[in-house]
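Peer 1: Would you be able to build a 3D model of this:
(one chain, ligands or ions: 1)
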Amino acid sequence: MSKTADGHPFDATHPDALALYCSDGRFTDAVEALLRKLGYPRLDTLTIPGGPALLEMLSSDSASLIALRKSLSFLVVAHHIKHVVLIAHEGCGYYKSRFSYESKDAIEKRQLKDLSSAEGWLQKHHPTAEVAKYYARVHAARVSFEQTT
Ligand SMILES: [Zn+2]
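Peer 2: Prediction:
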């Protein structure tokens, strides 16, 4: 029996939605389900530990900031992305490791600020892309998403 995924359907059109989120694979299925619910059955993904955090200088470093901005701009422009969904998640290991001295609440506040900062950068540099921000929480082994303002 073949263990490859040969023969999977390929759609040559680029999706017009992009999700920028953390690499944490425990959230991958839930993020894809959220995007489907929002009306985006297909998506470009930009995943990196911490996700949108890396667009904010205080939670990133200059090399990561530049690399992520470059990747994001490339996708928005070259793939004609119209909808960008930024997602942060509860218990993110990136934040826990970088801000190990901060409380759970302080980290959550920081994540929400970072989502706004990422949105601000996108609005400034890619004003035609619509941005939505979500915070993923885990309760009773279920992921739920809160839209943030
Ligand atoms: Zn994470």
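
Peer 1: Which residues of the protein lie near the ion?
Peer 2: 22, 24, 92, 94 (CB under 5 Å from the ion). Any C-beta I mention is one placed from the backbone N, CA and C, and that applies to glycine too.

Peer 1: just checking, which of those belong to helices?
Peer 2: With DSSP state H as the criterion, helices contain residue 94 from among the residues of the chain next to the ion.

Peer 1: Could you say which of the residues of the chain next to the ion is surrounded by the most neighbours?
Peer 2: In terms of neighbours by other CB atoms under 10 Å, these top out with residue 22 at 25 neighbours.

Peer 1: quick one: contacts for the residue nearest to that residue when sequence neighbours are not counted?
Peer 2: Of all residues not flanking residue 22 in the chain, residue 51 sits nearest, at 4.1 Å (CB to CB, 6 or more residues apart in numbering). Counting by CB atoms under 8 Å, 6 or more residues apart in numbering, residue 51 touches 20, 21, 22, 23, 86, 87, 88, 89, 92, 94.

Peer 1: 6 Å instead?
Peer 2: Residue 51 is in contact with 20, 21, 22, counting by CB atoms under 6 Å, 6 or more residues apart in numbering.

Peer 1: Same check on residue 56?
Peer 2: So, once contact is read as CB under 6 Å, 6+ apart, residue 56 ends up touching 114, 117.

Peer 1: if we can go back for a sec, how about the contacts of residue 51 in JSON lines, adding pLDDT?
Peer 2: Shown next, in JSON lines, are those (pLDDT from 0 to 100):
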{"residue": "20", "pLDDT": "98"}
{"residue": "21", "pLDDT": "98"}
{"residue": "22", "pLDDT": "98"}
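
Peer 1: From these, pick the one nearest the ion.
Peer 2: residue 22 (3.2 Å; CB to the ion).

Peer 1: From residue 28, how far out is that closest one?
Peer 2: Separation of residue 22 from residue 28 (CB to CB, to the nearest Å): 9 Å.

Peer 1: now residue 34
Peer 2: Applying CB to CB to residue 34 and residue 28 gives a distance of 11 Å.

Peer 1: Looking at those two, which has the bigger crowd around it?
Peer 2: Neighbours around residue 34 and residue 28, counted as other CB under 10 Å, are more numerous at residue 34. The numbers are 23 against 15.
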